[in-house]
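Participant: fold the stuff below for me.
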Amino acid sequence: MLDNISLHNIFFLDIETVPAFPDFTSAPEAEQKLWMKKAGTLPAIKDEEPENNYKRAGIYAEFGKIICISAGYFTKENTFRIKSFSGENEKKLLQEFAHAVQQFCSSQGKLLCAHNGKEFDFPFIARRLLINGIALPDVLDIAGKKPWEVQHLDTMELWKFGDYKSYTTLALLAHVFDIPTPKDDIDGSQVGDVYWKERDLQRIVEYCQKDVLTIAQIILKFKGEEIFGPGQIEYA
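Facilitator: This is a model prediction of the structure:
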């Protein structure tokens, strides 16, 4: 599987997002009204009070923001180099990420890879870039491109093999492929509280980096290759 794709051509990534404000009452009045209208269209949360359902705002680019993008790639020495772009200044981290991904993906055949990236990570990044007035890197500017011209890999989509009726988590894929992953004390649903209440961004960065490492290991499994160990990881 993926025999025609070189590991050195893949830019792996994962993002962590939170609501734009600590809680519903902290949001400006116009934002509150727009969120209530949006929440009313979402069956799972439309009957909840805004004070409770606002925690879901972080998964929508119009109401959330990115606080961390972790990215990694295989070097010529076959180590896996990983770097995180994080901070409270979303525009700054997005500018740094856009520059890095434009450099990596400037040559032909380079690809972005994430788990559920086509549904979440890639469009979320693109929307937040535009909202912050930052030009899209070519690899994220897919308007008008034919499907085979889009340079995106998605481990969840690859695992579906054309089956569109199921959702497979990254944790489940790691389990079935026996990929060792450290026990984490948080999951995606807790990121907002860790950021806004505990103010522990570094904890979130470490969580995000682990997901990138797992995505890269899954691609190795898809290709029938040996996974890498801790000694082969470099942190930039």
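Participant: C-alpha only now, for contacts and for neighbours.
Facilitator: Noted.
Participant: those strands in the protein, which residues are they?
Facilitator: With DSSP state E as the criterion, the chain has strands at 10-19, 64-74, 80-86, 111-114, 152-154, 233-235.
Participant: contacts for the fifth one next, please.
Facilitator: Yep, that's strand 152-154 we're talking about. Leu111, Leu112, Cys113, Ala114, His115, Asn116, Gly117, Lys118, Val139 (CA atoms under 8 Å, 6 or more residues apart in numbering).
Participant: same list, those residues, but as TSV with distance to Ile218 and neighbour count please.
Facilitator: Shown next, in TSV, are the contacts of strand 152-154 (distance: CA to CA, whole Å; neighbours: other CA atoms under 10 Å):
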residue	distance to Ile218	neighbour count
Leu111	16	22
Leu112	14	23
Cys113	11	26
Ala114	11	27
His115	10	26
Asn116	13	20
Gly117	14	22
Lys118	17	18
Val139	22	21
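Participant: in stretch 153-164, what's buried?
Facilitator: For stretch 153-164, a neighbour-count test (16 or more other CA atoms under 10 Å) marks Leu153, Asp154, Thr155, Met156, Glu157, Leu158 as buried.
Participant: for stretch 36-50, same thing?
Facilitator: Judged by neighbour count (16+ other CA under 10 Å), stretch 36-50 contains these buried residues: Met36, Ala39, Pro50.
Participant: about what we covered before: what would the strands of the chain look like in TSV with distance to Thr168 and mean pLDDT?
Facilitator: Formatted as TSV, the strands of the chain follow (distance: least, CA to CA, whole Å; pLDDT from 0 to 100):
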stretch	distance to Thr168	mean pLDDT
strand 10-19	16	97
strand 64-74	21	97
strand 80-86	24	97
strand 111-114	13	97
strand 152-154	12	96
strand 233-235	26	93
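Participant: which one of those strands lies nearest to His99?
Facilitator: Nearest of the strands of the chain to His99, taken as CA to CA: strand 80-86 at 11.2 Å.
Participant: parallel or antiparallel, which strands does the closest one pair with?
Facilitator: strand 64-74 (antiparallel), strand 233-235 (parallel) (DSSP bridges).
Participant: okay, angle between the first one and strand 10-19 too, please.
Facilitator: Between the axis of strand 64-74 and that of strand 10-19 there is an angle of 160 degrees, by axes from the mean of the first three to the mean of the last three CA atoms, to 10 degrees.
Participant: run through who's touching strand 64-74.
Facilitator: 7-8, 10-21, 57-58, 80-90, 93, 97, 125, 128, 204-205, 208-209, 212-213.
Participant: mind listing what's buried along the longest helix seen in the chain?
Facilitator: Determined from DSSP state H, the single longest helix within the chain is helix 201-222. For helix 201-222, the neighbour count (16+ other CA under 10 Å) marks 201, 203-205, 207-222 as buried.
Participant: for stretch 123-134, same thing?
Facilitator: For stretch 123-134, using 16+ other CA under 10 Å, the buried residues are Pro123, Phe124, Ile125, Ala126, Arg127, Arg128, Leu129, Ile134.
Participant: how near is the fourth one to Glu62?
Facilitator: Same thing as Ala126. 12 Å (CA to CA, to the nearest Å).
Participant: same thing with the third one?
Facilitator: With the distance defined as CA to CA, Ile125 ends up 11 Å from Glu62.
Participant: cool, and the fifth one?
Facilitator: Going from Arg127 to Glu62 by CA to CA gives 8 Å.
Participant: one more: the first one?
Facilitator: Remark: distance between Pro123 and Glu62 (CA to CA) = 12 Å.
Participant: thinking again about what came up before, for Gln102, state which of the buried residues of stretch 153-164 is nearest.
Facilitator: Ranked by distance to Gln102 (CA to CA), the buried residues of stretch 153-164 are led by Leu153 at 16.5 Å.
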